[in-house]
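[1] fold the following.
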Amino acid sequence: MNTRSLFCAALMFSGFAFSTGTSQALAQDAKNLLNSPITSAPAILLTDDIQSAAPNKKAPMIVVVDKEKHITHVLQASQGKLVDVCHVPDATGKKSTPTPEGRMKVIDKKWDPIWKPPVSIDPVQKKVDSFTKNPHNPLGVAWLGLSQGCIGLHGTCAPNSIGKNASHGCVRHRNQDIKKLYGLVPVGTPVYIVSKFAGTKLLADDVDYLTGGATTQMVAHADLSETLSHI
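    Numbering: from 1, shown residues only. Next up is the predicted model:
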């Protein structure tokens, strides 16, 4: 099988079915799919060899939190390709308080936030002053609240925890990195929290969102054999 690198995506849309024959037939079907015009944005399976590019603050974006590698990615569309415009290390929930997975949205942003601990941490819920006043504030310099589970993306007062399963469910970042995310990611941005980046499927509606409803094919850089392994 020819496994040379191709710009391709594992797609799901009506009117096309992969062959149930030999692997050669599957490969040919995948090649035919690449060359077939489509009229709506397909879903995309992410791959580890996604290319990097400079961010465009005016263009739509999607955040993907990879729990396996402890990396927060910001993805955008650029010239018909999905590109990684920012990626920073993070820390996610420990075994007893895991970070929930799923598709969410950024619903609010706060700079230098005051922290009100949950009852599970402090039954009295005594507020902690903002990081600039109290360097022990666990939210660090910024907070991006998510639409599920009272969790968010935030900074930290414990930078040594980055790269580990250490939080109470939120996604921690070094303060210099959460500053980047805070300045780049607007309220309303979709956020995928996933166990593994490679193989994560971006929903067709989110691909439409990234491309502004464009009808051109959106692709991710992947090896043909890797794509076929997801069929």
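
[2] from here on, just use CA atoms for contacts and neighbour counts.
    OK.

[3] could you list the low-confidence segments of the protein?
    When the per-residue scores of the chain are filtered using pLDDT under 70, the ranges that remain are 1-41, 213-231.

[4] kindly recompute the last result at 50.
    Applying pLDDT under 50 to the chain flags the ranges 1-23, 26, 29-39, 215-231.

[5] nearest the middle, which residue of it would you pick?
    In the chain, the centroid-proximal residue (CA atoms, centre = their mean) is Val64; its distance is 0.7 Å.

[6] name the element that one belongs to?
    Val64 is located in strand 62-66, with elements delineated by DSSP states H and E.

[7] which elements pack onto that strand?
    On a contact count with 3 or more CA pairs under 8 Å, 6 or more residues apart in numbering; DSSP states H and E, strand 62-66 meets strand 71-78, strand 190-194.

[8] what angle separates it from strand 71-78?
    Note on geometry: by axes from the mean of the first three to the mean of the last three CA atoms, to 10 degrees, strand 62-66 and strand 71-78 are set 150 degrees apart in direction.

[9] pairing partners for strand 62-66, with directions?
    According to DSSP bridges, strand 62-66 has the following sheet partners: strand 71-78 (antiparallel), strand 190-194 (parallel).

[10] can I get those in JSON lines with distance to Cys86 and mean neighbour count?
    Formatted as JSON lines, these follow (distance: least, CA to CA, whole Å; neighbours: other CA atoms under 10 Å):
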{"stretch": "strand 71-78", "distance to Cys86": "5", "mean neighbour count": "23"}
{"stretch": "strand 190-194", "distance to Cys86": "14", "mean neighbour count": "22"}
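
[11] domain assignment for the chain?
    For the chain, automatic domain parsing gives the domain ranges 5-45+201-228, 52-194.

[12] winner for burial among those domains?
    Among these, judged by mean count of other CA atoms under 10 Å, the one packed with the most neighbours on average is domain 52-194 (a mean of 19).

[13] that one: end-to-end distance?
    For domain 52-194, the first-to-last residue distance is 20 Å (CA to CA, to the nearest Å).

[14] stretch 183-191 now?
    Start and end residues of stretch 183-191 are separated by 16 Å (CA to CA).

[15] for the residue nearest to Cys86 when sequence neighbours are not counted, give the beta-bridge partners.
    Of all residues beyond its chain neighbours, the one nearest Cys86 is Val74 (5.1 Å), with distances taken as CA to CA, 6 or more residues apart in numbering. With DSSP bridges as the criterion, Val74 is bridged to Val63, Cys86.

[16] so who does Val74 touch?
    Contacts were defined as CA atoms under 8 Å, 6 or more residues apart in numbering; by that measure Val74 touches Met61, Ile62, Val63, Val64, Asp84, Val85, Cys86, His87.

[17] list the residues that contact the fourth one.
    Looking back up the chat, that one is Val64. Val64 makes contacts with Thr72, His73, Val74, Leu75, Val191, Tyr192, Ile193, Val194, Phe197, as judged by CA under 8 Å, 6+ apart.
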